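In: quick one, structure for this:
(one chain, ligands or ions: 1)
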Amino acid sequence: MSPEMSSNLHTMGQQHGRRSWAEPWKIKMVEPLKVTTREQRLAALDESGWNTFLIKSQDVYIDLLTDSGTSAMSDRQWAGIMLGDEAYAGSVNFYHLEAAIQRYYGYRHIVPTHQGRGAEHLISQVLIKPGHHIPGNMYFTTTREHQEMAGGTFHDVIIDIAHDSQAYHPFKGNIDVDKLKALIAEVGADKIPYVSLAGTVNMAGGQPVSMANVREIREVCEPLGIRVMLDATRMVENALFIQEREEGYADKSIAEILFEFCSYTDGAWMSAKKDNLVNIGGWLAVNDWDTFEELRNLVVVFEGLHTYGGLAGRDMEALAIGIEEAVQDEHVRSRVGQVRYLGELLEQWNIPVVKPIGGHAVFLDARAFYPHLPQDLFPGQTLAAQLYLDSGIRSMERGIVSAGRDHVTGDHKRPKLELTRLTIPRRVYTQAHMDVVAESVKACYDAASEVKGLEMVYEPKYLRFFQARFRPL
Ligand code: F0G
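Out: This next block holds a predicted model:
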């Protein structure tokens, strides 16, 4: 076992000296949840093509579809909303946002965007030319889509063990530096505009990257003129894993670790809807002036003026405050601690989950749930639908449907990891909700052999997982 803080499950087992963590906040306002019957849920599934993205949120009990834009804002953030300076140009809230990013992430030049993919679009259009190659630590759906739409080819250079759901590695999100060097030797450094490095790799199960790894990537890339660009979406959570697992960081704060990590990169794009604790927002940041100038110009075409980038002034204020709240050690510990609580409960019941438990979600191993289902019958999608049917809990497929099709052969891409993600919003649900979730997962696991899989009956061209429709077999 790694030396990290245990979840409350461990402390609960001890007779004496028990010390649990608890959320570093109290609840000031509540939103009622709706409980449905099995018949209602079956009807909702039929109506939504057995795709959890198409279910109405009013028909959901505990919503673990995503941690994106689903966080609860603090009273300070809501107070910030009232201080929105809704000027078209030069809003004071933009300058607050710029200062917060400079202070905690350390980059020089900032471009706000409406959300993460707006930032991905701009950076891809500015840096990628047709024929370019982009190495990265496992793909993310929207990130790769924008890289490919700009004419690039994505290459997964994550360490092999990341594709094995059961193998333990403290930094399963690391880039395999030999794979990176081999790609550089094959295509040439001038064909690689940047390395696409994500903190806590979403598709790998929320697995972190070590400080040693980013330092080494920097050493390889800098002399060759290859940029290191960070997907900072869940970098704060990555910083906690470094604090817990990497030698020399136990006494450093989350803010210090975040700042150091970013210092080895040339810039970042951000979906502020995650770590940064807002319901909408994103940003891009770079150190180099020339790239900034191009980004600042392009943002005007696609998002809005460079001092608002598709956001209202009030959104930028809530975001600036969210950035500061997000790097508080107590906050990050309880956030990841809650995810770990759910994961360890499932592990105790021998339910197959991706190990170790990641930062933002517990990933169920749908292949191991349904060993009788071939990947073409969409085990991950099936499990998400079964969970909803059992209890009204909403999760998300992260397997063959999310991976999409090969642009050349037209066949499904077949990722090794066929997962269903239980994603925990920040500061929203309690430990009791986690118990209810775990019990529903257990019920689905016990009934797994009766499940027959799904057939896809409608498939959109881009990012098909959002809108595809299925029929149970
Ligand atoms: N990068 C990562 C690692 C992400 O997880 C996401 C979004 C994005 C970029 C794109 O940001 O949604 O603000 O446009 N992930 C969400 C999820 C959708 O559910 O994992 P966005």
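In: ok, the closest residue to the ligand within the chain to Asp231 distance?
Out: Closest to the ligand within the chain is Gly116: 2.3 Å, counting by CB to the nearest ligand atom. Just so you know, the C-beta spots here come from the backbone N, C-alpha and C atoms, and that holds for glycine as well. According to CB to CB, to the nearest Å, Gly116 stands 8 Å off from Asp231.
In: do the same with Lys355
Out: Between Lys355 and Asp231 the distance, using CB to CB, works out to 23 Å.
In: between those two, who's got more neighbours?
Out: Asp231 (25 against 19; other CB atoms under 10 Å).
In: quickly list what that one is bridged to.
Out: For Asp231, the residues forming beta bridges with it (DSSP bridges) are Ala198, Trp269.
In: am I right that it is in contact with Thr143?
Out: Yes. Counting by CB atoms under 8 Å, Asp231 touches Thr143, with 6.3 Å between them.
In: tell me, what's touching those two both at once?
Out: Ser196, Ala198 (CB atoms under 8 Å, 6 or more residues apart in numbering).
In: could you chop this structure up by domain?
Out: Per automatic domain parsing, the structural domains of the chain span 3-60+329-472, 75-326.
In: and Gln243, how many residues sit next to it?
Out: Neighbourhood size, Gln243 [other CB under 10 Å]: 21.
In: oh, I was asking about Thr37
Out: Count around Thr37 with other CB under 10 Å applied: 9.
In: repeat that for His109.
Out: The tally of other residues near His109 (other CB under 10 Å) stands at 20.
In: ok, it to Pro193 distance?
Out: Computed as CB to CB, the His109 to Pro193 distance reads 18 Å.
In: cool, and Phe241?
Out: The gap separating Phe241 from Pro193 is 28 Å, by CB to CB.
In: give me every residue that touches the closest residue to Phe140 other than its chain neighbours.
Out: Nearest non-adjacent residue to Phe140, counting by CB to CB, 6 or more residues apart in numbering: Asn202, 5.5 Å away. Counting by CB under 8 Å, 6+ apart, Asn202 touches Phe140, Thr233, Arg234, His360, Arg398.
In: the strands in the chain, which residues?
Out: If DSSP state E is used as the criterion, the strands of the chain fall at 109-113, 133-136, 153-156, 194-198, 227-231, 267-271, 282-286, 361-365, 396-398, 419-423, 454-458, 469-472.
In: so which helix or strand of this structure has the lowest pLDDT on average?
Out: Within the chain, confidence by mean pLDDT, DSSP states H and E is lowest for helix 8-12 among all helices and strands, at a mean of 59.
In: what does the stretch 201-350 of the chain have sitting close to the ligand?
Out: Within reach of the ligand by CB under 6 Å from any ligand atom, the stretch 201-350 of the chain has these residues: Asn202, Asp231, Thr233, Ser271, Lys273, Gly282.
In: the fourth one - how many residues pack around it?
Out: As a burial measure, Ser271 scores 28 neighbours (other CB under 10 Å).
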